[in-house]
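A.B. asks: Everything below, folded, please.
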Amino acid sequence: MKQGIHPENYRQVCFKDMSNGETFITKSTVDTRDAIEIDGVEYPLVKLEISSSSHPFYTGKMKLVDTAGRVDKFMNKYKKHLAKK
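C.D. replies: Prediction:
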């Protein structure tokens with residue numbers, strides 16, 4: 001294995017799914033400004049829009065939570081074009 005190519009800030013990080021509040025802790029080098037305290041230990045926090053706990057493929061539910069409103073933005077933008085067909 002090559003020496004000196006691996007990141008130095010490899011640590012435990014908390015990822016939080018903002019659509020359902022689910023959190024999980026894993027090791028990562030991601031940079032973040034937020035922090036969260038879980039069981040008396042403070043972890044860097046990464047906020048996710050969707051994860052395996054809320055994604056329709058993994059949950060078996062066909063409803064996709066669109067927190068950013070991307071579908072609505074698309075429909076409004078191309079409303080006239082879609083109406084012509």
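A.B. asks: Any regions of this structure where pLDDT drops low?
C.D. replies: Scanning the chain for pLDDT under 70 picks out 55-59, 62-69, 82-85.
A.B. asks: ranges for the helices of it?
C.D. replies: Per DSSP state H, the chain carries helices over the ranges 56-59, 70-77, 79-84.
A.B. asks: Identify the bridge partners of residue 42.
C.D. replies: residue 37 (DSSP bridges).
A.B. asks: State the distance from it to residue 25.
C.D. replies: 12 Å (CB to CB, to the nearest Å). Any C-beta I mention is one placed from the backbone N, CA and C, and that applies to glycine too.
A.B. asks: Please apply the same query to residue 38.
C.D. replies: 7 Å.
A.B. asks: Overlap in contacts, these two.
C.D. replies: Counting by CB atoms under 8 Å, 6 or more residues apart in numbering, the residues touching both residue 38 and residue 25 are residue 14.
A.B. asks: For residue 51, list the residues it contacts.
C.D. replies: 15, 17, 22, 24.
A.B. asks: What's the PyMOL line that selects buried ones from those?
C.D. replies: Here is the PyMOL command that selects only those of the contacts of residue 51 that count as buried (16 or more other CB atoms under 10 Å):
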select buried, resi 15+17
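A.B. asks: can you list the residues that contact stretch 12-26?
C.D. replies: With CB under 8 Å, 6+ apart, stretch 12-26 has contacts from 27-28, 30, 32, 36, 38, 43-51, 53-54, 65, 67.
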